[in-house]
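Trainee: Output the structure for:
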Amino acid sequence: MEIAINGKNRKIAFDIDGILINFHNPLVIFYNKKHGTSFKVEDITTYDFPTAFQTTEEQFRRDMNEFYSSPLFRSLPLIKGARRAVRQLSQNNFLGVITSRPDFIYEETLISLRKHFPETFSGVYFTNHYGGNGPRKNKSDFCLEHGYEVIVEDVLEYASECADKGINALLLDKPWNQNGSLHPRVQRVFSWAEILEHLKQKLK
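Mentor: Sure thing, here's the model as predicted:
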């Protein structure tokens, strides 16, 4: 699914959760409150969430649907440094968002992006990998279709899949992306300051 917003002339794509928006801390808070558990974000060492939270796919799908309807989800905070860096990049580049969020929360997603990053992204694309009802699509497909040169990601699988298609990826260091080797086109980074510096070098 594509939601057009505005356009410029360079080509950088960003994931939302874990890159622009702090999704995982509120999710853990929500999950622990509901189930009486004591998970920490550091315990999420795989992006297979049912495995990370030691539950079934069916139960976690129900949990996620409740989370999407919760006040916590509607007030997700930004990742430190994201707003300033994106604002700077938007001055000379064409920016887009590619997310694995389900399509049934696209309106809530757009509201959040427009609140934190007004008139910034040329398009927002949903791969629909987590619980959506529509067709699924790979992030690399959107990158190739729309000409994105670089993607900023936090899931190694998605970064590697894009790299396999010739798209450079910056992988923001997270507990869930520590296992597995890095494709030559994937660069691990540790902060938004580092992301900004790498993007400046790549897009010279």
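
Trainee: quick one: pLDDT of the residue of the chain most remote from its centre?
Mentor: In terms of distance from the mean C-alpha position of the chain, residue 36 ranks first, at 27.3 Å (C-alpha atoms, centre = their mean). In this model, residue 36 is scored at 98, pLDDT.

Trainee: Equivalent analysis for residue 105, please.
Mentor: In this model, residue 105 carries a pLDDT of 94.

Trainee: is it true that it touches residue 67?
Mentor: No: at 10.2 Å, residue 105 and residue 67 do not qualify as touching, with contact defined as C-beta atoms under 8 Å. Any C-beta I mention is one placed from the backbone N, CA and C, and that applies to glycine too.

Trainee: Mind checking which of these two has more residues around it?
Mentor: Between residue 105 and residue 67, counted using other C-beta atoms under 10 Å, the more crowded position is residue 105 (21 against 18).

Trainee: Contacts only, for that one.
Mentor: Taking C-beta atoms under 8 Å, 6 or more residues apart in numbering, we find residue 105 in contact with residue 68.

Trainee: measure it to residue 74 for me?
Mentor: With distances defined as C-beta to C-beta, to the nearest Å, the gap from residue 105 to residue 74 amounts to 10 Å.

Trainee: next one: residue 35
Mentor: With the distance defined as C-beta to C-beta, residue 35 ends up 21 Å from residue 74.

Trainee: and what of residue 61?
Mentor: 20 Å.

Trainee: Which residue of these two possesses the greater neighbour count?
Mentor: residue 61 (16 against 12).

Trainee: Validate this expectation: that one resides in a helix.
Mentor: Yes: with DSSP: H, G, I helix; E, B strand; the rest coil as the criterion, residue 61 is assigned to a helix.

Trainee: Distance check, it against residue 112.
Mentor: Look at residue 61 and residue 112: by C-beta to C-beta, they are 22 Å apart.

Trainee: Check the offset of stretch 161-168 from the chain's centre.
Mentor: Counting by C-alpha atoms, centre = their mean, to the nearest Å, stretch 161-168 is centred 16 Å from the centre of its parent chain.

Trainee: Between its first and last residues, how far does it reach?
Mentor: End-to-end distance of stretch 161-168 (C-alpha to C-alpha, to the nearest Å): 10 Å.

Trainee: Contacts for that stretch next, please.
Mentor: Contact with stretch 161-168 is made by 138-140, 143-144, 148-151, 153, 169, 183-187, 202, as judged by C-beta under 8 Å, 6+ apart.

Trainee: In PyMOL, how would I select just the buried ones from these?
Mentor: Those of these that meet the burial criterion (16 or more other C-beta atoms under 10 Å) are gathered into one PyMOL selection, given here:
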select buried, resi 138+139+140+143+148+149+150+151+153+169+183+185+186+187
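
Trainee: So for stretch 76-90, what gets flagged as buried?
Mentor: Buried residues in stretch 76-90, defined by neighbour count with 16+ other C-beta under 10 Å: 76, 78, 79, 82, 85, 86, 89, 90.

Trainee: hmm, who's touching it?
Mentor: For stretch 76-90, the external contacting residues (C-beta under 8 Å, 6+ apart) are 8, 12, 14, 18-23, 26, 95, 112, 116-117, 120, 191-193, 195-196, 199.
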